[in-house]
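Chemist: any chance you could fold what I've pasted below:
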Amino acid sequence: MRQFQSYIFLAALLLISVPSGCDRMIYDDLSECPQGVNFAFYTQTPCESGPSYPKAIKQVRVFAFDENEVLVEEYAATGLALSADYLLETSFYKIGKFTFAAWGGEDLSTYDFSQFIQGTTTRKQMFLSMKKQADQVSTHPLPLYYDASLEPLVITDRTDLGSIFDLVSFNMQEFTNRIRFTIHGLSKEDTYNVVITDDNGNYDFNADYAPDTRFDYTNPIRRDGDMLKADFTVMKLAEGRDTRFTLTDTTTGKVIYSADLVDDIIMYRGDSGEPPYRLECDHDFNIIIVFEPNPESQTTYMLTSIIVNDWNVVKRPVILG
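Modeler: Next up, the predicted model:
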């Protein structure tokens, strides 16, 4: 994942100077000409050949840091409809070197930005948190996107040059994942529960996981004929973190199946090899899990197959204890 994050940040910053029509024919003193930095937003994953403009990014918050990495300014916008022509126009004009970070999403009020204190907080001290109740998230986190620049924008004294607006372009990468489980083969007589457990609610300036306690994503499971279905939205996923999927028979209190959602299900390579999707590129997963009664026990099941986005991840019987 660090390799992927490096890709995002090194590709994040595009800086150009855009002169305007401010000249001596309009202003007696060119120092009166407007100056600023404009911001553009798009998405392009490592799997895509060109940019796109997510409809889910309806709000953005942009943060500017000086050469001492102290937060010096913030700009916010709502009601966005991103396009190739959209610019968040600002009057940011300070002499020095600056880096920028941007968070975007559908409703950023569902995330905690209280660590972002202008004039005090440094870049390394900042982190964003998903709002949750104690150790549970019972509602779907809303879409969240992020990008930041490592290469500084150098702003010099240009009062004699007329209007110049620098352009910073953010390649906004999604942090949220939508997962639909469809479960076959369980007894119709019992009721069931699905929980996803992780500690992925906090993020630092580099979009890495910040310290967090483990919590549960919960959502009611529903019956659709012979199938059970459950929909989840979870935050950033990565291999090797034990994002725990637990399916429980709530009638008996017995755990039917528990596995690492990422390592053992979505990105499992043991039966079919490398999957045709990537966590840094794909954020919608349809997961079909098929069980059959264990012929050697009336109280347990066999896991016979798992299919993720039409990819046969597990295709052999596995007897569950």
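Chemist: C-alpha only now, for contacts and for neighbours.
Modeler: Noted.
Chemist: domain assignment for the chain?
Modeler: 2-174, 177-319 (automatic domain parsing).
Chemist: weakest of these by average pLDDT?
Modeler: Mean pLDDT is lowest for domain 2-174 out of these, coming in at a mean of 84.
Chemist: related to what we said a few turns ago, now render the domains of the chain as CSV, adding mean neighbour count.
Modeler: Listed next are the domains of the chain as CSV, based on neighbours: other CA atoms under 10 Å:
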stretch, mean neighbour count
domain 2-174, 17
domain 177-319, 17
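Chemist: torsion angles phi and psi at the residue nearest in space to the middle of the chain?
Modeler: For the chain, Phe175 is the residue whose C-alpha lies nearest the centre (CA atoms, centre = their mean; 0.7 Å). Here is the backbone geometry of Phe175 (degrees, to the nearest 10): phi -110, psi -10.
Chemist: what separates it from Asn193, distance-wise?
Modeler: The gap separating Phe175 from Asn193 is 25 Å, by CA to CA, to the nearest Å.
Chemist: check the offset of stretch 303-311 from the chain's centre.
Modeler: Distance of stretch 303-311 from its chain centroid, counting by CA atoms, centre = their mean, to the nearest Å, is 25 Å.
Chemist: okay, that stretch in CSV with CA atoms only?
Modeler: The C-alpha trace of stretch 303-311 is given here as CSV (Å, rounded to 0.1, in the frame of the first residue of the first chain):
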residue,chain,number,x,y,z
LEU,A,303,-18.1,-23.6,2.7
THR,A,304,-18.3,-24.6,-1.0
SER,A,305,-17.5,-21.4,-2.9
ILE,A,306,-16.8,-17.7,-2.6
ILE,A,307,-17.3,-15.5,-5.7
VAL,A,308,-16.1,-11.9,-5.7
ASN,A,309,-17.1,-9.7,-8.7
ASP,A,310,-17.6,-12.9,-10.8
TRP,A,311,-14.2,-14.2,-9.8
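Chemist: what residues does it touch?
Modeler: Contact with stretch 303-311 is made by 265-266, 275-276, 285-292, 312-320, as judged by CA atoms under 8 Å, 6 or more residues apart in numbering.
Chemist: what of stretch 222-234?
Modeler: By CA under 8 Å, 6+ apart, stretch 222-234 touches 140-142, 176-185, 188, 194, 217-221.
Chemist: filter these down to just the ones in strands.
Modeler: 177-184, 194, 217-218 (DSSP state E).
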